[in-house]
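Enquirer: With the input below, show me the fold.
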Amino acid sequence: MAMAICILAMVSCGGRKKALLPNVSGKAGEVIVVIDKADWEGAVGTAIRDTLAADCPYLPQREPLYSLVNVAPGGFGSMFQIHRNIIILNISPKVTNPGLVLQQDVWATPQCIIRINAADSDSALELFKENAGKIITTLEQAERDRIIINSKKYEERALAPVVSAMVGGSPHFPSGYRLKKQTDDFIWISYDTQFTSQGILIYKYPVVAGKQMMGLDEILEENAEMLKNNVPGMFENTYMMTSTFARPSIKYMKYKGRDFAEIRGFWEVYNDYMGGPFVAHAFYNQDGTEMIVMEAFVYAPKYDKRHYLRQIESVLYSFEWAKAREEK
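Expert: Modelled structure (predicted):
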């Protein structure tokens, strides 16, 4: 039976109320799921876990896309209400307007609330499955926006002019990122600690008339040359390369007016044992004469990598053309 579904009802508190809200709690990548025990242990809960706690793609070890915490409706008090990500399943025969409702900053800021209103468990399951992609996208955007807000607030401002001079725009690099290498067509910026490294490689190359520039093979071909020439390993005859262990994926996206190809895969060091995940954005410069590639990679052999990759991927999403930066 067809169900009337209310999707994407974006609700947020006014600016004055938002200023009075507490900051969100909880760990990055964590989601509170408010649902009664029977449904959590039944088909609805299984679908939620299979979707939101599925393996995060292109990580060298198994890590869930999100860490889920189940809370019964009766226990959903003030301690949980200020969490960063909350999914609330209102399953009751009293529900007269079933659907998916997306909200922001209800009890805290910056907060993401997803409500699923359904008259019964079967309807709730149908609603979740129909909107699983939208739910993941909403959570991803919320996590990304929090990181970008902090990147802009605590920006390493000396880096943007360097990148903009080469490609005409720049991401917002958080405090702690440092310029590691610079040439006429290649920049390496990195945030390094004793046991981790989060690097962003930015490079450009000319567009060739009549040649496919946005295909995966063509992007990887240029990538191989750039990495070999600019990212040496620790020892002689070692250098960074895209791993052949698993073929990278490509997805064509549009974000805040910018069209780009998103590539995900693994990197490794030729003749060495270093490696990890990467995500890259490839797109045309503003006059269409050059290709720009921004590749973010993580090296964290002692730790899980989901959060490190999500952090540095968000930096890529913060990219703005120089003119847009100047107008703000």
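
Enquirer: and residue 108, what are its phi and psi?
Expert: phi -160, psi 180 (degrees, to the nearest 10).

Enquirer: from what I can see it touches residue 26, true?
Expert: No: counting by Cβ atoms under 8 Å, residue 108 sits too far from residue 26 to count as a contact (9.5 Å). C-beta: built from backbone N, CA, C; applies to glycine.

Enquirer: intersection of neighbour lists for these two?
Expert: Contact criterion Cβ atoms under 8 Å, 6 or more residues apart in numbering; residues shared by residue 108 and residue 26: 83-84.

Enquirer: where in the stretch 201-328 of the chain is pLDDT low?
Expert: Scanning the stretch 201-328 of the chain for pLDDT under 70 picks out the ranges 327-328.

Enquirer: Beta-bridge partners for residue 192, please?
Expert: residue 197 (DSSP bridges).

Enquirer: how close does it sit to residue 315?
Expert: Residue 192 sits 15 Å away from residue 315 when distances are taken as Cβ to Cβ, to the nearest Å.

Enquirer: quick one: which of those two has more around it?
Expert: residue 315 (23 against 14; other Cβ atoms under 10 Å).

Enquirer: List of residues touching the host helix or strand of the more buried one?
Expert: Take DSSP states H and E as the rule and residue 315 turns out to sit in helix 306-317. Contact with helix 306-317 is made by 28-29, 56, 59, 63-65, 143-144, 147-148, 151, 171-174, 191, 196, 198-200, 255, 277, 279-281, 294, 296-298, 300, as judged by Cβ under 8 Å, 6+ apart.

Enquirer: cool, stretch 128-138 as well?
Expert: 5, 7-8, 44, 47-48, 51-52, 65, 87, 100, 102, 112, 114, 116.

Enquirer: was I right about residue 290 contacting residue 208?
Expert: No: with contact defined as Cβ under 8 Å, residue 290 does not reach residue 208; the gap is 10.7 Å.

Enquirer: Between those two, point out the one with more neighbours.
Expert: Neighbours per residue (other Cβ under 10 Å) separate residue 290 from residue 208, with residue 290 holding more: 18 against 10.

Enquirer: Could you let me know which of the contacts of stretch 128-138 ends up closest to residue 286?
Expert: Checking those against residue 286 by Cβ to Cβ gives residue 8 as the nearest, at 31.2 Å.

Enquirer: Would you map out the domains in the chain?
Expert: 11-151, 156-326 (automatic domain parsing).

Enquirer: List the contacts of residue 280.
Expert: Residue 280 makes contacts with 219, 223, 262-264, 293-296, 316, as judged by Cβ under 8 Å, 6+ apart.

Enquirer: With secondary structure and distance to residue 72 as new columns, can those residues be given to me in a markdown table?
Expert: As requested, those are exported to a markdown table (DSSP: H, G, I helix; E, B strand; the rest coil; distance: Cβ to Cβ, whole Å):
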| residue | secondary structure | distance to residue 72 |
| --- | --- | --- |
| 219 | helix | 48 |
| 223 | helix | 49 |
| 262 | strand | 38 |
| 263 | strand | 42 |
| 264 | strand | 36 |
| 293 | strand | 48 |
| 294 | strand | 44 |
| 295 | strand | 44 |
| 296 | strand | 39 |
| 316 | helix | 39 |
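
Enquirer: quick one: which of those is nearest residue 248?
Expert: Distances from residue 248 to those, taken by Cβ to Cβ, are shortest for residue 263, at 5.2 Å.

Enquirer: Is that closest one bridged to anything, and to what?
Expert: Counting by DSSP bridges, residue 263 is bridged to residue 250, residue 280.

Enquirer: Give me the angle between the helix ranked longest in the chain and helix 306-317.
Expert: Longest helix in the chain by number of residues (criterion: DSSP state H): helix 132-153. In terms of direction (axes from the mean of the first three to the mean of the last three Cα atoms, to 10 degrees), helix 132-153 departs from helix 306-317 by 70 degrees.

Enquirer: mean confidence for helix 132-153?
Expert: Confidence for helix 132-153, expressed as mean pLDDT, is 95.

Enquirer: which parts of that helix are buried?
Expert: Buried residues in helix 132-153, counted by 16 or more other Cβ atoms under 10 Å: 135, 138-140, 142-148, 151.

Enquirer: List the contacts of residue 223.
Expert: Listed by Cβ under 8 Å, 6+ apart, the contact partners of residue 223 are 242, 280, 293, 295.

Enquirer: let's see 10 Å
Expert: By Cβ atoms under 10 Å, 6 or more residues apart in numbering, the residues touching residue 223 are 201, 203, 205, 240-242, 248, 263, 265, 267, 278, 280, 282, 293, 295.
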